[in-house]
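Asker: Build me a model:
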Amino acid sequence: MAIAFVESTSHTATTGSVISFSHTVTAGSNNVLILAVMWSSDSTSVTGVTYNSVSMTSSVDSGSGAGSTRSQLFYLGNPSTGSNTVEVTFSGTPIREAFVASTFSGVDQASTIGGTDSDISTNTPSSIDVPVAGSAGMVVDAFAAESTCTWAEAGAQTLMDGGQFESALNWGSSYRTHSGSTTNMGWTRTGACGAPVATPAGISLTQFVSTAHTSTVTDSISTSETTVAQLDLSVAITETLTMIETIVTDEEILWTNQTKPSTSWTNQSKF
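Answerer: Numbering: from 1, shown residues only. Predicted structure coming up:
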């Protein structure tokens, strides 16, 4: 079963240390919930993330340079279906925050994350190469840059959501199927805005592969068990034959007794 994108929900906020919003997970096979968190601050970090009050696990953190942004990805296997609350807690109060919660199906629940990569750079395009485990997988990224330029995902990626928030925080989250042992996730900017620091981060999801198991059950009977079984059968046959013999004997006696009156009646008729 190939990994497939199911749905996503995005949310933006300002100056909040605890942010919550709703995301709906559609029932599916081997679902995984991914949360991309992107924010403007070099002094705050994410201290906790929950979905429906269940903790999500951090998979990769870009870190941040002085005065730059930061990106981090979290995941949760087999999330509760239906509409539930995503809650993100920060150590302080970021200036601007953006979030993308997304659901993917067909993901291995035991080895969910195949590889990670992140960067802090002023390069354009800004890109990362995410290792992919196995022969199939899906790569999901988070991107953030504090600048007045416009940024866009590379052509091979599918954007779930992104944009420029408050004319400052450029953010986005995208996905693409694997393209070899590593998969490149890139973002390019347009416009003159100096050399802004970009903080991309990415993970690869491992495809769930069903393994067929053949179970053989052998029912063996030991020699002693066979002997006992044969003995039980012999006893049962003997008892049955004895019963039949008894019935036959009783029938013979009954018929013998019934014929005697007939003889007596014959004798009486002579008078």
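Asker: okay, CA-based contacts and neighbour counts for the rest of this
Answerer: Noted.
Asker: Flag the shaky bits of the stretch 1-150 of the chain, pLDDT-wise.
Answerer: Scanning the stretch 1-150 of the chain with the threshold set as pLDDT under 70 gives 65-67, 135.
Asker: can we see that at 80?
Answerer: Along the stretch 1-150 of the chain, segments meeting pLDDT under 80 span 1, 42, 65-67, 123-124, 133-136.
Asker: do the same with the stretch 151-271 of the chain
Answerer: Scanning the stretch 151-271 of the chain for pLDDT under 80 picks out the ranges 155, 179-180, 192, 194-195, 211-271.
Asker: Please name the nearest non-neighbouring residue to residue 51.
Answerer: Spatial nearest neighbour of residue 51, excluding adjacent residues (CA to CA, 6 or more residues apart in numbering): residue 86 at 4.6 Å.
Asker: cool, and residue 171?
Answerer: With CA to CA, 6+ apart, the residue lying closest to residue 171 is residue 144, at 4.5 Å.
Asker: show me what contacts that neighbour?
Answerer: Residue 144 makes contacts with 38, 39, 69, 70, 71, 169, 170, 171, 172, 198, 199, 200, as judged by CA atoms under 8 Å, 6 or more residues apart in numbering.
Asker: do the same with residue 132
Answerer: Applying CA under 8 Å, 6+ apart, the residues contacting residue 132 are 114, 115, 138, 139, 178, 180, 181, 182, 183, 204, 205, 206.
Asker: and with 6 Å instead?
Answerer: 114, 115, 181, 182, 204 (CA atoms under 6 Å, 6 or more residues apart in numbering).
Asker: Filter these down to the buried ones, PyMOL style.
Answerer: In PyMOL, this line selects whichever of the contacts of residue 132 come out buried by 16 or more other CA atoms under 10 Å:
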select buried, resi 114+115+182+204
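Asker: about what we covered before: pipe the contacts of residue 144 into a markdown table and attach neighbour count, distance to residue 59 and secondary structure per row.
Answerer: Shown next, in a markdown table, are the contacts of residue 144 (neighbours: other CA atoms under 10 Å; distance: CA to CA, whole Å; DSSP: H, G, I helix; E, B strand; the rest coil):
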| residue | neighbour count | distance to residue 59 | secondary structure |
| --- | --- | --- | --- |
| 38 | 30 | 14 | strand |
| 39 | 31 | 17 | strand |
| 69 | 32 | 18 | strand |
| 70 | 33 | 14 | strand |
| 71 | 33 | 11 | strand |
| 169 | 25 | 22 | strand |
| 170 | 27 | 22 | strand |
| 171 | 34 | 19 | strand |
| 172 | 29 | 17 | strand |
| 198 | 30 | 19 | strand |
| 199 | 31 | 15 | coil |
| 200 | 32 | 13 | coil |
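Asker: Out of the residues you listed, the closest to residue 3 would be?
Answerer: Taking CA to CA as the measure, residue 3 lies nearest residue 172 of these, at 20.8 Å.
Asker: That closest one touches residue 162, doesn't it?
Answerer: Yes - assessed by CA atoms under 6 Å, residue 172 is found in contact with residue 162 at 3.7 Å.
Asker: What ranges does the stretch 101-250 of the chain have for its strands?
Answerer: 113-118, 126-131, 137-146, 150-153, 158-165, 169-177, 182-190, 201-206 (DSSP state E, counting those that start in this stretch).
Asker: Redo the ones you listed as JSON lines? Include distance to residue 95.
Answerer: Output for those, formatted as JSON lines (distance: least, CA to CA, whole Å):
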{"stretch": "strand 113-118", "distance to residue 95": "22"}
{"stretch": "strand 126-131", "distance to residue 95": "23"}
{"stretch": "strand 137-146", "distance to residue 95": "11"}
{"stretch": "strand 150-153", "distance to residue 95": "19"}
{"stretch": "strand 158-165", "distance to residue 95": "11"}
{"stretch": "strand 169-177", "distance to residue 95": "9"}
{"stretch": "strand 182-190", "distance to residue 95": "22"}
{"stretch": "strand 201-206", "distance to residue 95": "20"}
